[in-house]
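Colleague: Here is my input; please provide its structure:
(2 chains)
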Amino acid sequence: MTTNSNIENVSNPDFPNGQQESWKRFFSFSIDHKVIGIQYIVTTFIFFLIAGMMSMIVRAELITPVSDLVDRSLYNGLYTLHGTVMIFLWIIPSQIGLANYLIPLMIGAKDMAFPKLNAIAFWIIPVAGILLMSSFLLPSGAAQAGWWSYPPVSVQNPSGNFINGEFVWLLSVFLLGISSIMGGVNFVSTIVRMRAPGMTYFKMPIFVWTVLSAQLLQLFCLPALTGAAIMLLFDLSFGTNFFNPASGGDPILYQHLFWFYSHPAVYVMVLPAFGVFSEIIPAFTRNPLFGYKSVAIASFGISIFSVVVWVHHMFASGTPSWMRILFMFSTMLVAVPTGIKVFAWTATVWKSKLHLDTPMLFVLGGIIMFMLGGISGIMLGSIAFDLHANNTYFVVGHFHYIVFNTITMGIFAAIYFWFPKMTGRMYHEGWGKVHFGLTFIGANLTFFPMMFPLGLQGMVRRISSYDPQYAAGNIIASLGAFLLGMATLPFIANMIVSWLNGKPAPDNPWHATGLEWTTTSPPPLENFEEIPTVTLAPYSYGLPQYFAVDSSHEDAIRKHGN
Amino acid sequence: MNNILEKIAIFIGVVATIVVSYWLGQQSYSWMPVAATKEAQHVDDLFSFLVALGAFIFFGVVGTIGYSIITCRAAPDDYTEGHPSRGNNTLEFLWTATPTILVLWIAWQNFHIYKMLDIEGLNTILDFNASAENNSAATLVAQTTEKPIEEIEVIAKQWEWTFRYPQENITTSELHLPVNKPVKLFFESEDVIHGFFVPEFRFKQDIFPDRIIDFTFTPILEGKYKLHDSQFSGTYFAVMEADVYVDTPEAYRQWLRSPNSQAAKPNLAATEHAHKPRQLINSHWRTVEPYTPLVASETKD
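Modeller: Just a heads-up that it's a prediction; the model follows:
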């Protein structure tokens, strides 16, 4: 069977003398989508660890009812940056990195539509991230108004300094928005225009569908947030009054502009993870994805519905009653396409031939925890309940069940699944399972008490001290959080040691369908020796080339097609 | 034989799921704080229904996956296909139509409960002509049949609550409400956005500067509760609290007349700002100064 290609033989303009591709290319302005993808994943993982450290300090403060670890301003700065870094420097860009690596391979293209734009979009990430982190060193401190930064509190600027934490925060968000919009242009163009011959829309893998749906959202909705950030910057620094009620402005306008993007943003975050689930489940159940067509259309459906639900973040705000009711109805409907996906995955797992390797464990754990996140979401969409639970720890528990217990589990699953393809080496399966076990336990210990009892009993969110009646739930959550911090260590060790020293990986270690598995591990510079022609339906696990483990891969493809 | 055993197992699973879900729905009342308003009881009923339904879906999906994990493991080198089915139109239609009907029904239930809350001052989408006048244009919301008797102003500022009883012309730092009578609270902020939240009352409302929002509800349980600011309002947000008392009508009238009702209590934020607690790491970042009340003359209107 083939092993990783002999890289030295592939002519590579980055290394005209034919020397082996070195690790240095990952620190360069490479326009190869595979390099950029890995650059995104590693860079955003570092930001994940940084924001994770911030949350460790937050949980260390909250393990006791009184404010005794950090002063209140620092606490507010910490949770503000924790949220901002996790959303804009981990969840969204890490999945852009995954998509960057995988989309051209999955659709049978040589690279993205705009390789240089791709590289520029990546390099904005570390610049904007370092800028944001540096705000901790300002004399006035980092931004302290939460990741949503509502005026008037966000523009109060008690220090009076022109360069303050909020200013830096707004600049950083603006830059990250530019990066994301570039990505949106690139992904949509690539998927619409560069699919291999024979790959119609309904032959695309679901991951491609979900990335397309997510990137369309980025294109249409991000400008609202970028505009809001600019207007807020002007209110903060140049004396305008867009959101100042004393001078005829309205702070609720900001809320609308902010949430018009930030609600679709959560679907930008979750759709690629749903796509990852849809790729991994068929490979480890040896079944075609049940209801492929409806799952594909549901991805689009989620995208479209998500644009008209944003006011559910403002049910307790200064919104008119008729608007609250209207948006409650629209919010409820977004549950339907999500449900279609969950039921499809469940039906694929039913009566299957299960292989519980690490990627599959993360996917199944993610789906189980997603049930809690999704159901608590429907509860929050119920306005009568939301008026009680809004702005309490119930919301914090709900969204962490989505962003960590579902999406981050999906990102880990994807990293383990495509690690052999990206690095040409196998990771260590035993340590992968350890990572899963610790993460699954830690994730539930940390975030379940937030929903019950803390949130239901009325513990408000964003507070640095609390009433002693909430102590028990907070202790459990903090201990769970420390466990989660520890759980990351076997993962980091596994990745580093396996990349340097792991067993060489075959082209298709999982015997999975998908064009990326027909090329070498890692792929050559232009991905395929020859652009394939697609004839098969996706997830054709019944075909011999996917279960005939010992026959030559090229023979099987020659006989049965792509 | 296996087929029959499996069908029995599935049947038992479905029945168990229904029973456990219903039981959890009943338990859910105890997960909430005590219900102290008439409206709270309806919210708790809705929550119970959502818990039961959610539990059914949760155990249904997780149970199916769990059953498969137990019974469907393949040998490590067996990569043959599980089954060739790519879908089932009837099933897919059912699991699209049923959730749609369910969620629309949930939304409809919510609409009915929301009408009982009778919130006014929320009619404009964006308020560019904000004034201190109460905007009492017609609303979608049903009026309560009883005329609200008590009208109380709630004024929020960084980081202190003040309550003003216009009829008696007194200003206090704790909120007293008479039991079993509808009460109308008028919310206004003097600086940033705040939020009114008492968990036992089961609602909250954000409070805005230059805009009055009023909210009518009926407390039904005597006791002492804690009002907490619910919309992040800056450095000392965590300690912006006030005591709320639901009194018998006699105790309420007595309190209104007593001089104690007007005693100015220093707010927690000002106290903490003056005497910082011991904290391990101090950033010394500048903060907005908490409002510090002057002497007793401040409280007279």
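Colleague: Only C-alpha atoms from now on, for both contacts and neighbour counts.
Modeller: Will do.
Colleague: Low-confidence bits of the stretch 451-562 of chain A, can you list those?
Modeller: A:547-562 (pLDDT under 70).
Colleague: Kindly recompute the last result at 50.
Modeller: A:550-552 (pLDDT under 50).
Colleague: from the chain's centre, how far out does stretch A:66-84 sit?
Modeller: Distance of stretch A:66-84 from its chain centroid, counting by Cα atoms, centre = their mean, to the nearest Å, is 24 Å.
Colleague: So which bits of that stretch are buried?
Modeller: A:67-84 (16 or more other Cα atoms under 10 Å in any protein chain shown).
Colleague: Out of those, which are close to chain B?
Modeller: A:67-74, A:76 (Cα under 8 Å from any Cα of the partner chain).
Colleague: Would you check that residue A:142 makes contact with residue A:154?
Modeller: No: applying Cα atoms under 8 Å as the test, residue A:142 and residue A:154 come out as separate, 11.5 Å apart.
Colleague: Between the two, which has more neighbouring residues?
Modeller: Neighbours around residue A:142 and residue A:154, counted as other Cα atoms under 10 Å in any protein chain shown, are more numerous at residue A:142. The numbers are 27 against 21.
Colleague: what residue lies at the spatial centre of the chain?
Modeller: Because you didn't say which chain, this covers chain A. Using Cα atoms, centre = their mean, the residue of chain A that lies closest to the mean C-alpha position is residue A:91, 3.3 Å off.
Colleague: not what I meant, chain B
Modeller: Centre-nearest of chain B using Cα atoms, centre = their mean is residue B:203, 4.0 Å out.
Colleague: Now do the phi/psi pair for that residue.
Modeller: Residue B:203 adopts backbone torsions of phi -150, psi 160, taken as degrees, to the nearest 10.
Colleague: Against residue B:44, how distant is it?
Modeller: 12 Å (Cα to Cα, to the nearest Å).
Colleague: ranges for the strands of chain B?
Modeller: B:119-120, B:150-157, B:160-165, B:170-172, B:175-178, B:183-189, B:194-198, B:203-207, B:213-217, B:223-229, B:241-247 (DSSP state E).
Colleague: contact partners of the longest one?
Modeller: Meaning strand B:150-157. The set of residues external to strand B:150-157 that reach it, using Cα atoms under 8 Å, 6 or more residues apart in numbering or on different chains, is B:161-166, B:181-192, B:194, B:207, B:291.
Colleague: Tell me which of the buried residues of stretch A:66-84 fall in helices.
Modeller: Under the assignment DSSP state H, the buried residues of stretch A:66-84 contribute A:72-84 to helices.
Colleague: pLDDT of stretch A:282-302, averaged?
Modeller: Stretch A:282-302 shows a mean pLDDT of 94.
Colleague: number of nearby residues for residue B:278?
Modeller: Residue B:278: 12 neighbours (other Cα under 10 Å).
Colleague: surely it meets residue A:68?
Modeller: Yes: Residue B:278 is in contact with residue A:68 according to Cα under 8 Å; the separation is 6.0 Å.
Colleague: Would you quantify the distance from residue A:66 to chain B?
Modeller: Distance, residue A:66 to chain B, using Cα to the nearest Cα, to the nearest Å: 9 Å.
Colleague: shouldn't that residue be in contact with residue A:466?
Modeller: Yes: the pair residue A:66 / residue A:466 is scored as a contact, 6.6 Å apart, by Cα under 8 Å.
Colleague: what helix or strand is the residue nearest to residue A:170 when sequence neighbours are not counted on?
Modeller: Once flanking residues are discounted, residue A:170 sits nearest to residue A:229: 5.8 Å by Cα to Cα, 6 or more residues apart in numbering or on different chains. Applying DSSP states H and E as the criterion places residue A:229 in helix A:206-237.
Colleague: quick one, what contacts residue B:74?
Modeller: With Cα under 8 Å, 6+ apart, residue B:74 has these contacts: A:353-355.
Colleague: Also within reach of chain B: list those from those residues.
Modeller: A:353-355.
Colleague: Can I get those residues in TSV including neighbour count?
Modeller: Shown next, in TSV, are the ones next to chain B among the contacts of residue B:74 (neighbours: other Cα atoms under 10 Å in any protein chain shown):
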residue	neighbour count
A:353	27
A:354	28
A:355	24
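Colleague: Would you convert these into CSV that also reports secondary structure?
Modeller: Output for the ones next to chain B among the contacts of residue B:74, formatted as CSV (DSSP: H, G, I helix; E, B strand; the rest coil):
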residue, secondary structure
A:353, coil
A:354, strand
A:355, coil
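Colleague: Can you give me the distance of the spatially closest residue to the residue nearest to the centre of chain A that is not a sequence neighbour to residue A:93?
Modeller: Counting by Cα to Cα, 6+ apart, residue A:91 lies nearest to residue A:269, which is 6.3 Å off, once chain neighbours are set aside. Applying Cα to Cα, the value for residue A:269 to residue A:93 is 9 Å.
Colleague: Return the residues in contact with residue A:410.
Modeller: Contacts of residue A:410 (Cα under 8 Å, 6+ apart): A:273-274, A:276-277, A:362-363, A:366.
Colleague: coming back round to it: now the common contact residues for residue A:142 and residue A:154.
Modeller: Joint contacts of residue A:142 and residue A:154 (Cα under 8 Å, 6+ apart) are residue A:166.
Colleague: From the structure, what's the count of residues near the nearest residue to residue B:242 once chain neighbours are set aside?
Modeller: Closest residue to residue B:242 apart from its sequence neighbours, by Cα to Cα, 6+ apart: residue B:227 at 5.1 Å. As a burial measure, residue B:227 scores 22 neighbours (other Cα under 10 Å).
Colleague: Could you do residue B:97 as well?
Modeller: 12.
Colleague: try the one 4 residues further on
Modeller: Using other Cα under 10 Å, the number of residues around residue B:101 comes to 13.
Colleague: List the residues that contact it.
Modeller: Residue B:101 touches nothing, counting by Cα under 8 Å, 6+ apart.
Colleague: before we move on, what about residue A:190?
Modeller: A:104, A:112-113.
Colleague: roughly how far out does the strand or helix carrying it sit from the chain middle?
Modeller: Per DSSP H and E: residue A:190 is located in helix A:165-193. In terms of Cα atoms, centre = their mean, the centre of helix A:165-193 is set 15 Å apart from its chain centre.
Colleague: for it, which positions count as buried?
Modeller: Those would be A:165-188, A:190-191, for helix A:165-193 by 16+ other Cα under 10 Å.
Colleague: ok, the residue lying closest to residue A:198 once chain neighbours are set aside - how many residues close by?
Modeller: Nearest residue to residue A:198, sequence neighbours excluded (Cα to Cα, 6+ apart): residue A:534, at 4.6 Å. Residue A:534 has 20 neighbouring residues, counting by other Cα under 10 Å.
Colleague: Tell me if I'm right that residue A:534 and residue A:195 touch.
Modeller: No: applying Cα under 8 Å as the test, residue A:534 and residue A:195 come out as separate, 9.7 Å apart.
Colleague: picking up where we left off before, which one of the contacts of residue A:190 sits closest to chain B?
Modeller: Distance ranking of these against chain B, using Cα to the nearest Cα, places residue A:104 first at 25.8 Å.
Colleague: Please list all residues in contact with that closest one.
Modeller: A:110-112, A:190.
Colleague: Now do the helices in chain B.
Modeller: Under DSSP H, chain B gives helices at B:2-27, B:38-71, B:89-117, B:249-257, B:268-274.
Colleague: Please list the residues outside the last one that contact it.
Modeller: When contacts are defined by Cα under 8 Å, 6+ apart, helix B:268-274 is touched by residues B:159-160, B:236, B:239-241, B:290-292.
Colleague: buried sites along that helix?
Modeller: Here helix B:268-274 shows B:268-270 as buried, counting by 16+ other Cα under 10 Å.
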